[in-house]
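Colleague: What follows is a predicted structure for the sequence shown.
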Amino acid sequence: MDLNYSDEQLLLKESAERFLKDRYDFEKRNKIIASGTGFDAGFWSEMADLGWLALPFAEENGGLGGSAVEISLIMEAIGRALVVEPYLASVILAGGLVEKLGSEGQKAEILGGLIAGTSHPALAHAERQSGFDLGNIAATATRRGENYLISGEKPLVPGGSFADIFLVSAKLDGTVKLFVVPGDADGLTSTQVKLVDGSRASDLVLDNVSVPASALLDAAADTLCEIEAAHDRVNAALASEAVGIMDALLDATVAYTKERVQFGKPLAAFQALQHRMAEMAVKCQEARGSALLATLSVDAPRPMRIRGVSGARAKIGKVSRSVAQEAIQLHGAMGFSEEMPIGAWFRRLYAIENTFGTTADHLNRYGEIIRDPSMLSGSLLREPV
């Protein structure tokens, strides 16, 4: 199997990194997170113009038909630049579920607006008691005539503070289903929350929110399985984002130690520090390999998908923290200053480690899968026989 990027993929990688370096520097990012909205509508429109918002969707749905590999390249660049706009939440998670479960009308309306940069859907699924159990939700939907009444609470909805459309999960006759709920629906209360990494989420409260029967996404589908698969796509993307951050931390640390002089010579001249940076580089490569396996596993059968994705999240959760801690140590007090992005990268890695499952959650999930001897006997990218 050839694991090298194609010429087109290399071009996408280079153009994404160059665009974000020119249009989304650390100073601009700080201004965005300090603003009232925490969102730059103009930058989101530029992402739409570049085709990034259309990238993962099929051509028949107005997209570009990009694969998980192309998404991973965008996510690496997003990680390095610390982009706070909700690409992951709106495009990969919510948009992916609409494409999978939506009717033709729903796809045309929601995906059309998303691809154009005028709409921002968000998935409202997890609840306070859910933990890593995606099926543990208490929100309910009740049929009332031609409508459904939805009630429940959805805390920390990713991208929710910018959303104009919510995909709300609720139990209908004991089965988890998804409903399209307008952001301005009567009975829906949204409270903005600022997270540790500077990004925004929202706490939703739904009090008998009425939606038409057409708001239900694919009544016949196994919605919970589709939500799990969507979370795995998100986790693979998060792994790639973490790789971009780790590479940025390594590059910044090497550059800083070449400039910072102590005892008459640059810090990079001290062998002990060279060894520490070499260890950082090794861990960055370990993370890159794990993220690539996760990316190539997102469309595999469920056991292989879990092995690739949760295995990567468990591995990257461990090595990314080590790289971030070393970067701060080697920068000294400068690592915590607001003038440098080191602390911001650290906080984003911390957020990733505790988003869509913690490192411990993914390690346990991975461990349950590899207990099966057939999973150990097969190759990483082929289904066991």
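Modeller: All right, it came through fine.
Colleague: which ones are touching Asp197?
Modeller: 84, 344, 347-348, 350-351 (Cβ atoms under 8 Å, 6 or more residues apart in numbering). C-beta here means a position set from N, CA and C on the backbone, and glycine is covered the same way.
Colleague: burial of the closest residue to Val180 other than its chain neighbours, as a residue count?
Modeller: Leaving out its chain neighbours, the residue that sits closest to Val180 by Cβ to Cβ, 6 or more residues apart in numbering is Ala215, at 4.5 Å. Ala215 has 21 neighbours, counted by other Cβ atoms under 10 Å.
Colleague: In this structure Ala215 contacts Leu178, no?
Modeller: No. Using Cβ atoms under 8 Å, Ala215 is not in contact with Leu178, being 9.1 Å away.
Colleague: The stretch 1-150 of the chain: helices as residue ranges?
Modeller: Under the criterion DSSP state H, counting those that start in this stretch, the stretch 1-150 of the chain contains helices at 7-23, 26-34, 41-49, 68-81, 96-101, 104-106, 112-116.
Colleague: now swap in the stretch 201-350 of the chain and tell me
Modeller: Using DSSP H, counting those that start in this stretch, helices in the stretch 201-350 of the chain cover 223-259, 271-297, 302-331, 342-353.
Colleague: what helices or strands is the first one leaning on?
Modeller: Spelled out, it's helix 223-259. The contact analysis (3 or more Cβ pairs under 8 Å, 6 or more residues apart in numbering; DSSP states H and E) places helix 223-259 against helix 68-81, helix 96-101, strand 175-182, strand 265-266, helix 271-297, helix 302-331, helix 342-353.
Colleague: Give the buried residues for it.
Modeller: For helix 223-259, burial by neighbour count (16 or more other Cβ atoms under 10 Å) applies to 223-224, 226-227, 229-250, 252-254, 256-257.
Colleague: ditto for the shortest one
Modeller: When burial is assessed from 16+ other Cβ under 10 Å, helix 342-353 yields the following buried residues: 342-349, 352-353.
Colleague: phi, psi of Gly174?
Modeller: Dihedral angles of Gly174 (phi, psi; degrees, to the nearest 10) stand at phi 80, psi 0.
Colleague: Now do the contacts for the residue of the chain most remote from its centre.
Modeller: Distance from the C-alpha centroid of the chain, by Cα atoms, centre = their mean, peaks at Gly264 (44.1 Å). Gly264 makes no contacts at all, as judged by Cβ under 8 Å, 6+ apart.
Colleague: quick revisit: I'd like the helices of the stretch 1-150 of the chain as a markdown table, with mean pLDDT and distance to Ala122 appended.
Modeller: Shown next, in a markdown table, are the helices of the stretch 1-150 of the chain (pLDDT from 0 to 100; distance: least, Cβ to Cβ, whole Å):
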| stretch | mean pLDDT | distance to Ala122 |
| --- | --- | --- |
| helix 7-23 | 96 | 23 |
| helix 26-34 | 95 | 18 |
| helix 41-49 | 96 | 14 |
| helix 68-81 | 98 | 17 |
| helix 96-101 | 98 | 11 |
| helix 104-106 | 95 | 15 |
| helix 112-116 | 97 | 11 |
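Colleague: Tell me where this protein is predicted with low confidence.
Modeller: 1, 376-385 (pLDDT under 70).
Colleague: 80 instead?
Modeller: Judged by pLDDT under 80, the chain has its weakly predicted residues at 1-2, 333-338, 373-385.
Colleague: Mind splitting it into its structural domains?
Modeller: For the chain, automatic domain parsing gives the domain ranges 7-119, 122-215, 223-377.
Colleague: How many residues are close by Gly187?
Modeller: Neighbour count of Gly187, defined by other Cβ under 10 Å: 14.
Colleague: ok so, going back, so for Asp372, which of the helices and strands packed on helix 223-259 sits nearest?
Modeller: Smallest distance to Asp372 across these (Cβ to Cβ): 7.2 Å, for helix 302-331.
Colleague: State whether Ser169 is indeed within a strand.
Modeller: Yes. The assignment for Ser169 (DSSP: H, G, I helix; E, B strand; the rest coil) places it in a strand.
Colleague: My read is that it contacts Glu226, right?
Modeller: No. Look at Ser169 against Glu226 with Cβ under 8 Å: they stay out of range, at 10.7 Å.
Colleague: which of the residues in stretch 60-74 are buried?
Modeller: Across stretch 60-74, burial judged by 16+ other Cβ under 10 Å covers 61, 63, 66, 68-74.
Colleague: what distance separates the start and the end of it?
Modeller: Stretch 60-74 has an end-to-end distance of 22 Å (Cα to Cα, to the nearest Å).
Colleague: Distance from the chain centre to that stretch, please.
Modeller: Relative to its chain's centre, stretch 60-74 lies at 15 Å (Cα atoms, centre = their mean, to the nearest Å).
Colleague: ok, residues contacting that stretch?
Modeller: Outside stretch 60-74, the residues within contact range by Cβ under 8 Å, 6+ apart are 5, 9, 12-13, 16, 51-52, 54-59, 87, 92, 99, 107, 111-112, 115, 233, 236-237, 240, 291-292, 295-296, 298-299.
Colleague: repeat for stretch 129-143
Modeller: Contacts for stretch 129-143 (Cβ under 8 Å, 6+ apart): 125-127, 148-154, 168-172, 176-177, 179, 206, 224, 227-228, 231, 357-358, 361, 365.
Colleague: hmm, back to that, out of the contacts of Asp197, what pair is the most spread apart?
Modeller: The most widely separated members of those, counting by Cβ to Cβ, are Val84 and Tyr350 (14.9 Å).
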